[in-house]
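Enquirer: Could you look at this predicted model? Sequence included:
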Amino acid sequence: MRRHLPFVLLILLFLLIIWDIPYVPKYINEPHLEIDELANQNQTSPTQATNKHLSSLCPFCEGEPVIRPNESADDLPDILNFLADHGYYKGPLNVVYNKEAVDAVKSFQLDQKLTPDGIIGEKTWEAIARSASSPSALVVKPDTKNLSIFIDLWQRQLTLFADGKPLKIYPIAIGKGPTPSPIGQWKITSKLYMGGAFGPRFLRLSVPWGNYGIHGTNKPWSIGRAESAGCIRLHNNDILELFSWVSTGTPVTIYDGPYAYGYMRRPVLQNGSTGSAVYEVQVALKEMGLITFNPDGFYGAGTMKAIQKLQTANGLPATGTVSGKIYDLLGLYLFD
């Protein structure tokens, strides 16, 4: 037994070292698209995503509902407001799809050369998006490949930079409270031809904990609001322009102001948690020298070990869980 003791001790030492090293995968395989071309993250040409891929691309995204006469729909007041702005409707903004609203939709469908059946389906949603698009401000196409994108969630606008100088600003919709947009520094990993709820184009981002992107929308009234499942929405004519200019590898910064969590709840985080809150905690831990790996939004063994060290150093139980007091220690305060 004694002759095996050094070998056993060596194995135990190795296991302790492995336990303290956070697992940061070199490749993150996400099941959102079953297209061979997307296996190559250096692709330069866009890929067509068919309808069967849309739900898996963004399983939490909300598509447009099919609204039939006499049904109720939360989207109906926005649709009726749109029709009112375009001279088709003069009634109240109800959630019930009554006859007056149906007649307005039929008139709109006729003008759009659609079957006037009064059913708000895929083609009617697309017609709404087309009608809401206004000519984009003319900007000369950049003659440089040194492009970058800065997304300001506070201002709800996307700025395209060329050679470090702002070239054009686009209004956007951002993630709502339960599904915030991912704060951090990312890159465009693929360019996709889309459709439906995603608008005509989709720029996928390198966020490791989920499927996020910059895309169009058939709900133009959502621009300027916090309504998405975390993605950044642009008007369809804007995403078409941006899509034609940027390439895979283009850096994207998503910024939420100097106090990113000043108006948001601070969720309880523990081993297995993912998302923007984890990413922000990891950024703070790295600034304090408690972790050495790059923030990735995954709360794994390395992050938990760092939190336990922080708790021990401050006389707190080493639970490895992030809650109110730990957020304060990390400098992620709540403000009134």
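Expert: Here it is on my side, so go on.
Enquirer: Could you tell me which residues make contact with Q109?
Expert: 115-118, 124, 127 (C-beta atoms under 8 Å, 6 or more residues apart in numbering). Glycine gets a C-beta too; all of them are placed from N, C-alpha and C.
Enquirer: Closest one of the residues you listed to I307?
Expert: T124 (50.4 Å; C-beta to C-beta).
Enquirer: how about the closest one, phi and psi?
Expert: Dihedral angles of T124 (phi, psi; degrees, to the nearest 10) stand at phi -70, psi -40.
Enquirer: Can you tell me the centre-most residue of the chain?
Expert: Nearest to the geometric centre of the chain sits C231, at 2.7 Å (C-alpha atoms, centre = their mean).
Enquirer: That one is in contact with H215, isn't it?
Expert: Yes - if you go by C-beta atoms under 8 Å, C231 and H215 touch, sitting 6.0 Å apart.
Enquirer: Let me see the ranges of the helices in the stretch 151-300 of the chain.
Expert: Ranges of helices within the stretch 151-300 of the chain are 236-245, 276-287, based on DSSP state H, counting those that start in this stretch.
Enquirer: Enumerate the positions of the longest one that are buried.
Expert: Under the neighbour-count criterion of 16 or more other C-beta atoms under 10 Å, helix 276-287 has 276-285 buried.
Enquirer: next one: stretch 165-178
Expert: Under 16+ other C-beta under 10 Å, the buried positions of stretch 165-178 are 167-168, 170, 172-175.
Enquirer: ok, so of the buried residues of helix 276-287, who is nearest V96?
Expert: S276 (37.0 Å).
Enquirer: where in the stretch 51-200 of the chain is pLDDT low?
Expert: Where the stretch 51-200 of the chain drops to pLDDT under 70, the residues are 51-62, 133-136.
Enquirer: Okay, strands next: where are they in it?
Expert: For the stretch 51-200 of the chain, the strands defined by DSSP state E, counting those that start in this stretch occupy 147-152, 157-162, 165-171, 174-175, 184-193.
Enquirer: Select from the contacts of Q109 the one having the most neighbours.
Expert: With neighbours taken as other C-beta atoms under 10 Å, the top of the contacts of Q109 is T124, carrying 23 neighbours.
Enquirer: so who does it touch?
Expert: By C-beta under 8 Å, 6+ apart, the residues touching T124 are 105, 108-109, 112, 114.
Enquirer: switch to 10 Å and redo it
Expert: Residues near T124 by C-beta atoms under 10 Å, 6 or more residues apart in numbering: 64, 66-67, 79, 105, 108-109, 112, 114-115, 117-118, 218.
Enquirer: So K309 is in contact with L290, correct?
Expert: Yes - the pair K309 / L290 is scored as a contact, 6.0 Å apart, by C-beta atoms under 10 Å.
Enquirer: The two: who's more crowded?
Expert: More crowded of K309 and L290, by other C-beta under 10 Å: L290, with 19 against 16.
Enquirer: ok, the nearest residue to the more buried one once chain neighbours are set aside - contacts?
Expert: Excluding the flanking residues, the one nearest L290 by C-beta to C-beta, 6 or more residues apart in numbering is A306, at 4.0 Å. By C-beta under 10 Å, 6+ apart, the contact set of A306 is 20, 22, 281-282, 284-286, 288-293, 320.
Enquirer: Doesn't A306 lie inside a strand?
Expert: No - read with DSSP: H, G, I helix; E, B strand; the rest coil, A306 is helix and lies in no strand.
Enquirer: what about G257, distance to P116?
Expert: Noted for G257: a distance of 47 Å to P116, by C-beta to C-beta, to the nearest Å.
Enquirer: ok, which stretches of the stretch 1-150 of the chain are helices?
Expert: Using DSSP H, counting those that start in this stretch, helices in the stretch 1-150 of the chain cover 5-20, 51-57, 76-85, 99-111, 122-132.
Enquirer: Now the third one: buried residues?
Expert: Think helix 76-85. 76, 78-80, 82-83.
Enquirer: Could you report the neighbour count for the residue nearest to V268 when sequence neighbours are not counted?
Expert: Leaving out its chain neighbours, the residue that sits closest to V268 by C-beta to C-beta, 6+ apart is S323, at 5.1 Å. By the criterion of other C-beta under 10 Å, S323 has 13 neighbours.
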